[in-house]
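[1] okay, predicted coordinates and the sequence, questions at the end:
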Amino acid sequence: MNLLFDIGHPGQVHLLRNAISILKSRGHEVTVTVKEIPNAQKLLDAYGISWLPLGRKYDSLLLKGFSQARYNYRLWKIAQDRKIDIAVGSSITIAHASLFHRMKSILLDDDDAAAVRLFSLFAHPFADTVLSPSALAHQRKHRRDVVYAGTHELFYLHPSRFTPDPSVAEKAGIDLSKPYFIARFVSGKAYHDKGERWITLEQKLRFVRMLEHYGNVYITTERTIEPELEKWQLRIAPELIHHLLSFATMFVGDSQTMTSEAAILGTPALKCNSFAHKLSVPNMLEDKYDLCYAFQPEEFILMLKKAEELLGMADLKQRWIKKRERFLSDMIDPTAFLVSFIENYPSCGHNHHRKENLV
């Protein structure tokens, strides 16, 4: 088959890279498109994935609207030239382009509709299939919807896809025999982040200084870091951060994705932002599996106290490893599921729950 994967965010490189590799190895022709997002393009290069540009990505909601028509046309043209059969991604563009092309569109969406209203409104109705984690089954009721037992982070952090490498920490100058902490602070520039609240600089400093009583602190950020935090900044290739997360004593921050990544890797994770308690997949990780904890900005002191409570446990990591094992026993390898879903499309069927890996 002729397949196309569209990338709209660095995290989507991780989400799709294993499926891209497997499908290529099975003889499928795979095209990857990406907007002008330097971090995403660098990740694709780091994984040896060739790509075609779709154009500049804008932070302004107004400019996003104007540029979407250009993305649609460019992707449609690529689909025409390369005779694409199926397009895959967390992408409005593939849904729109498939309306004017014979290719089928498969969307991957792990967000609640209320959190990404525009995506739900302008992508879902035009897609042939929407794949979502089963934590969203209560919302995904249309015939186009398929839910599976997994999360987006498991596409690249399932044990079948990822093995932590201690040498990464050693090369970064981190002593694995001593406690250390990873912190992540986001830019908040995505359209669905508008009007949301994050950890303030004062709160970041307070948390980091508290953690320093227990071990070294390393901060990773997707933007220029505040001068006050530079002394803790971790400079490492983004494709290597998951190795450090796996061995860390704890993760703290305001990043949705990295909180889930740490939790799934068996590292206690605490986040503080105004999305706390509102999103189905993170709520599942917290409420059902007790792997992470979310706090509203006004609950920052509770977050601080929770971290201190956890750090008082002598067997903290061992407890989280057991919780992770329970979580994994309920989940599938979603990359294997996606590959089989694509190769057997459309006979996989719709409006049902997938627990099996299919391959």
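    That came in fine, so what should we check first? Because the structure is predicted, anything quoted here is derived from the model rather than measured.
[2] buried residues of the helix or strand harbouring Ala169, list them for me.
    If you go by DSSP states H and E, Ala169 is part of helix 166-171. Neighbour counts over helix 166-171 (16 or more other C-beta atoms under 10 Å) mark 168-169 as buried. (C-beta placed from N, C-alpha, C; glycine too.)
[3] what is it packed up against?
    On a contact count with 3 or more C-beta pairs under 8 Å, 6 or more residues apart in numbering; DSSP states H and E, helix 166-171 meets helix 241-247.
[4] contacts made by the helix it packs on with the rest, please.
    156-157, 162, 164-166, 168-169, 172, 174, 176, 180, 182, 218, 220, 234, 236, 251, 258, 261-262, 265-267 (C-beta atoms under 8 Å, 6 or more residues apart in numbering).
[5] still on that earlier bit, how far is the helix holding Ala169 from where the chain is centred?
    23 Å (C-alpha atoms, centre = their mean, to the nearest Å).
[6] packing partners for the longest strand along the chain?
    Scanning the chain for the longest strand, with DSSP state E as the assignment, gives strand 29-36. Packing partners of strand 29-36 (3+ C-beta pairs under 8 Å, 6+ apart): strand 2-7, helix 10-25, helix 38-46, strand 52-56, helix 61-82.
[7] quick one, helices of the stretch 201-350 of the chain?
    Under the criterion DSSP state H, counting those that start in this stretch, the stretch 201-350 of the chain contains helices at 201-211, 241-247, 256-264, 280-287, 300-311, 316-329, 334-343.
[8] now for these, which one comes closest to Leu108?
    helix 334-343 (7.8 Å; C-beta to C-beta).
[9] for the helix holding Ala169, C-alpha coordinates in PDB please.
    Extracted as PDB, the C-alpha positions of helix 166-171 are listed here (Å, rounded to 0.1, in the frame of the first residue of the first chain):
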ATOM      1  CA  PRO A 166      21.500   3.400  31.700                       C
ATOM      2  CA  SER A 167      24.400   4.600  29.600                       C
ATOM      3  CA  VAL A 168      22.300   7.600  28.500                       C
ATOM      4  CA  ALA A 169      22.200   8.800  32.100                       C
ATOM      5  CA  GLU A 170      25.900   8.200  32.500                       C
ATOM      6  CA  LYS A 171      26.800  10.100  29.400                       C
END
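[10] which residues touch it?
    Against helix 166-171 from outside (C-beta under 8 Å, 6+ apart): 176, 236, 240, 243-244, 247.
[11] try it again with 6 Å
    Helix 166-171 is contacted from outside by 176, 240, 243-244, 247, using C-beta atoms under 6 Å, 6 or more residues apart in numbering.
[12] please apply the same query to stretch 213-222.
    Stretch 213-222 is contacted from outside by 178-185, 187, 208, 211, 229, 232-234, 311, using C-beta under 6 Å, 6+ apart.
[13] now, which of those lie within strands?
    180-185.
[14] where does the stretch 251-359 of the chain dip in pLDDT?
    The stretch 251-359 of the chain contains residues with pLDDT under 70 at 348-359.
[15] rerun at 90
    The stretch 251-359 of the chain contains residues with pLDDT under 90 at 255, 276, 346-359.
[16] isn't His96 right next to Asn72, touching?
    Yes. Between His96 and Asn72 there is a contact under C-beta atoms under 6 Å: 4.6 Å.
[17] can you give the domain ranges for the protein?
    Per automatic domain parsing, the structural domains of the chain span 2-158+332-354, 166-329.
[18] do you know how far the closest residue to Gln80 other than its chain neighbours is from Ser347?
    Distances taken as C-beta to C-beta, 6 or more residues apart in numbering place His101 nearest to Gln80, at 6.7 Å, with adjacent residues excluded. Distance, His101 to Ser347, using C-beta to C-beta, to the nearest Å: 21 Å.
[19] the more surrounded of those two?
    A direct count of neighbours by other C-beta atoms under 10 Å for His101 and Ser347 places His101 higher, at 19 against 7.
[20] pretty sure the more buried one sits against Ile78.
    No. Using C-beta under 6 Å, His101 makes no contact with Ile78, being 10.0 Å away.
[21] what is the burial count for Ser177?
    Neighbour count for Ser177, taken as other C-beta under 10 Å: 5.
[22] what's the spacing between it and Asn216?
    The gap separating Ser177 from Asn216 is 12 Å, by C-beta to C-beta.
[23] buried deepest among the helices and strands packed on strand 29-36, which one?
    When the helices and strands packed on strand 29-36 are scored by mean count of other C-beta atoms under 10 Å, the highest mean neighbour count falls to strand 2-7 (a mean of 24).
[24] now for that strand, which elements pack on it?
    helix 10-25, strand 29-36, strand 86-89 (3 or more C-beta pairs under 6 Å, 6 or more residues apart in numbering; DSSP states H and E).
[25] quick check: angle from it to helix 334-343?
    Angle of strand 2-7 versus helix 334-343, following axes from the mean of the first three to the mean of the last three C-alpha atoms, to 10 degrees, is 140 degrees.
[26] neighbouring strands - and their directions - for strand 2-7?
    Using DSSP bridges, strand 2-7 pairs in its sheet with strand 29-36 (parallel), strand 86-89 (parallel).
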